[in-house]
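**Student:** Show me how the following folds:
(chains A and B)
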Amino acid sequence: MLKINNLHASVEDKGILRGINLEVKAGEVHAIMGPNGSGKSTLASVIAGKEEYEVTEGNILLDNEDIEELAAEERAHKGVFLSFQYPVEIPGVSVTNFMKTAINETRKAKGLEDMPANEMLKLIREKSELLEIDRKFLSRSLNEGFSGGEKKRNEIFQMAMLEPKLAILDETDSGLDIDALRIVANGVNKLKSKDNAVIVITHYQRLLDYIVPDFVHVLHNGKIVKSGGKELAHELEAKGYDWIKEEVNA
Amino acid sequence: MSKYTEDDLREELKTKEYEYGFYTDIESETFPVGLNEDIVRAISKKKDEPEWMTEWRLEAFKVWKDMVEPEWANVNYEKPDFQSIAYYSAPVAVDPNKTLDDVDPDLLAMYKKLGISVDEQKKMNNIAMDIVVDSVSVATTFKKTLAEKGIIFMPISEAIQEHPELVKKYIGTIVPTKDNFYAALNSAVFSDGSFCYIPKGVRCPMELSTYFRINQAGTGQFERTLVIADEGSYVSYLEGCTAPSRDENQLHAAVVELIALDDAEIKYSTVQNWFPGNAEGKGGVYNFVTKRGLCEKNAKISWTQVETGSAVTWKYPSCILKGDNSVGEFYSIAVTNNYQQADTGTKMIHLGKNTKSTIISKGISAGKSQNSYRGLVQINSRADNARNFSQCDSLLMGNECGAHTFPYIEAKNKTAQIEHEATTSKIGEDQIFYCNQRGIDTEKAIALIVNGFSKEVLNKLPMEFAVEAQKLLEISLEGSVG
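**Tutor:** Now for the predicted structure:
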């Protein structure tokens, strides 16, 4: 589904990603771990198409199509979803209205009519029940005054509504207490299928107790320096990142 | 990256024209340019007005001659030459006695272009329409239906003929001829406008609407609107405006007077989309308007305005809360883009006891524009327990525009409660990227954010107007993020 070849990217002429190679197949969950500043969030933003980042070398293929030239919204239309580490507030725009716009814009891009209102309501009801979201929450302004847990749960709700092919969860566990973490992780697990894929970006192992990865990759200095199965995450939890750095430098 | 960037978009939009900028070639009768007593008399004569009206105009003209234009507003523009404007222009084909079927087909085609098919409006929206092109009112629909309830809704020129006692009793009582430079000018030369009277206890069953349009070059538009809601009555009144794109500036100096007698309520909504000038700041309408309402006991007046047009706006729809327990409201969205300048706000004058006022002002500035809120809250010494709440929010797009807030508060009664809140924010790249990532392109994202910002005010508009206003906001701000 996703194939990243020798990806180099920089922001303001500062190289951050230095040759990433990664392949993610449908039905798989990949975890990307690494110390602060290793380029994890940059990788997420580059895949999603944030403009400030310039790809200087390599390419990103989604279903064998190079998406490098596509604008962020076009990538979204093709099924790329990013759960933000810091979701932004949009005052006066309700969660429902925001989702309605997002879904209809995506449909428009595919040459489809707007989703009929009753279908939209049904979808909202279905997904909010799936994620145990109080529907009062959906009429609140997007992320305005939301707690950390509410923001992250809202991200996963949006993921459920948009049904992406590839979901990238950027530090979804940061700022969550254990209960919120469990709810968010359960949501992701419910949405997982053989047709979609999830990339979990995290600093800590604890989220991976709930969302169990098929592969774990360690990012260091803009490169994947080590890959393995879920046991790699446990090893990192026990030993920290220093031994990896030493291994790389050796 | 060969991506379609915001810069490309901005370029593309520069060449995009003002949607309502067409000019309709209708045969018009236009007076020679310039203003003197003879012109004032001629306008009055043209309208076959009674002598008291002619005298009233001449009195206003005398006052105007000795007045100077106000200069305190936060706007810069070349002053209009009042001797180079034609003060009367009328489509020739109009005859007030004819029905809609007799209206010049070109004129009807123009309404269609404006998106206001009169027939459709009549049937679907349950709106009674009066349309003022250049200086005269060309069609008032639904007159009969309204007449059954005793509601009078007609061009003010006709009202002067048919209901002189009402016009004479109220005209100039809320905005006196001497009130200000533009009000005096309007009083002298107004050529038409709308008149509305709702009898005691009647709830007007439909929205009343006036559509104003300046068509002819080199003309000014000076319409006068008078709305009287008798005791215990209710009316919702809408007003829309457009003008052709022209290189020179056109002058629009209107006066609106509202009278809400005991227990009456008037909702007055405006969607103003006069030509704002082009991207270089050339042309556009000067919109110098005086709007004021008077509330008697337990009465309520709400002004709602969505201002996206005009090169220069100078406008302060106000409420005089004379009666005890009366309520004044002002909800405003003012958008400025390119080189537009707006100085707009309200005055809430609390005279009666337990009077309440609410001001919600949303200013959105883009391009190189300047957007000012100016508002006065005045609590008179006898206005016990008066309350005001004001909220002024500004949204900035780009780094070259300005937002300003000038609140004036004068409280002469110790029991007054006055609250003022103000915020300024900027549309952030993070917000845009967040929307993009959800599949919403940048244009749509801006529209969404702006609509969210303006929601409290948009919600106050009647349904069909709210949709139009939302579209207008989108059009006005296209390509303006930077």
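**Student:** B:Arg224 reaches B:Gly193, doesn't it?
**Tutor:** Yes. With contacts counted by C-beta atoms under 8 Å, B:Arg224 reaches B:Gly193, the gap being 3.9 Å. (Each C-beta comes from the backbone N, C-alpha and C, glycine too.)
**Student:** any common contacting residues for these two?
**Tutor:** Shared contacts of B:Arg224 and B:Gly193 (C-beta atoms under 8 Å, 6 or more residues apart in numbering or on different chains): B:Ile156, B:Ala254.
**Student:** Return the helix or strand in chain A with minimum mean pLDDT.
**Tutor:** Using mean pLDDT, DSSP states H and E, helix A:242-249 stands out as the lowest-scoring helix or strand of chain A, at a mean of 82.
**Student:** Contacts for it, please.
**Tutor:** Here helix A:242-249 makes contact (C-beta under 8 Å, 6+ apart) with A:Pro35, A:Val218, A:His220, A:Asn221, A:Val225, A:Lys226, A:Leu236.
**Student:** how about CSV for those, with distance to chain B and pLDDT added?
**Tutor:** Output for those, formatted as CSV (distance: C-beta to the nearest C-beta, whole Å; pLDDT from 0 to 100):
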residue, distance to chain B, pLDDT
A:Pro35, 24, 87
A:Val218, 26, 94
A:His220, 26, 92
A:Asn221, 25, 91
A:Val225, 28, 93
A:Lys226, 29, 92
A:Leu236, 29, 88
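**Student:** what's the spacing between the residue most central in space within chain B and B:Pro50?
**Tutor:** Centroid check for chain B by C-alpha atoms, centre = their mean gives B:Thr270 as the closest residue, at 4.9 Å. B:Thr270 sits 30 Å away from B:Pro50, going by C-beta to C-beta, to the nearest Å.
**Student:** What about the contacts of helix A:242-249, which are in strands?
**Tutor:** Residues of the contacts of helix A:242-249 located in strands (DSSP state E): A:Val218, A:His220, A:Val225, A:Lys226.
**Student:** Quick check: closest non-adjacent residue to the third one.
**Tutor:** In this structure, A:Val225 finds its nearest non-sequential neighbour in A:Val248, 5.0 Å apart by C-beta to C-beta, 6 or more residues apart in numbering or on different chains.
**Student:** host element of the residue of chain A found nearest chain B?
**Tutor:** Residue of chain A nearest chain B, by C-beta to the nearest C-beta: A:Gly92 (3.0 Å). Element membership for A:Gly92, per DSSP states H and E: strand A:90-94.
**Student:** Pull the contacting residues for the spatially most central residue of chain A.
**Tutor:** Centroid check for chain A by C-alpha atoms, centre = their mean gives A:Ile168 as the closest residue, at 1.8 Å. Applying C-beta under 8 Å, 6+ apart to A:Ile168 gives the contacts A:Ala44, A:Ile47, A:Ala48, A:Val80, A:Phe81, A:Leu82, A:Ser83, A:Val198, A:Ile199, A:Ile201.
**Student:** ok, now how distant is the closest residue to B:Phe31 other than its chain neighbours from chain A?
**Tutor:** The shortest distance from B:Phe31 to any non-neighbouring residue, by C-beta to C-beta, 6+ apart, is to B:Tyr88 (4.1 Å). Note on B:Tyr88: its distance to chain A, by C-beta to the nearest C-beta, to the nearest Å, is 44 Å.
**Student:** show me where the stretch 351-482 of chain B has helices.
**Tutor:** Using DSSP state H, counting those that start in this stretch, the helices of the stretch 351-482 of chain B run over B:429-437, B:442-458, B:463-477.
**Student:** Can I get those helices in TSV including distance to chain A?
**Tutor:** Formatted as TSV, the helices of the stretch 351-482 of chain B follow (distance: least, C-beta to the nearest C-beta, whole Å):
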stretch	distance to chain A
helix B:429-437	4
helix B:442-458	3
helix B:463-477	12
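**Student:** Pipe these into CSV and attach mean neighbour count and mean pLDDT per row.
**Tutor:** Listed next are the helices of the stretch 351-482 of chain B as CSV, based on neighbours: other C-beta atoms under 10 Å in any protein chain shown; pLDDT from 0 to 100:
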stretch, mean neighbour count, mean pLDDT
helix B:429-437, 22, 94
helix B:442-458, 22, 91
helix B:463-477, 19, 77
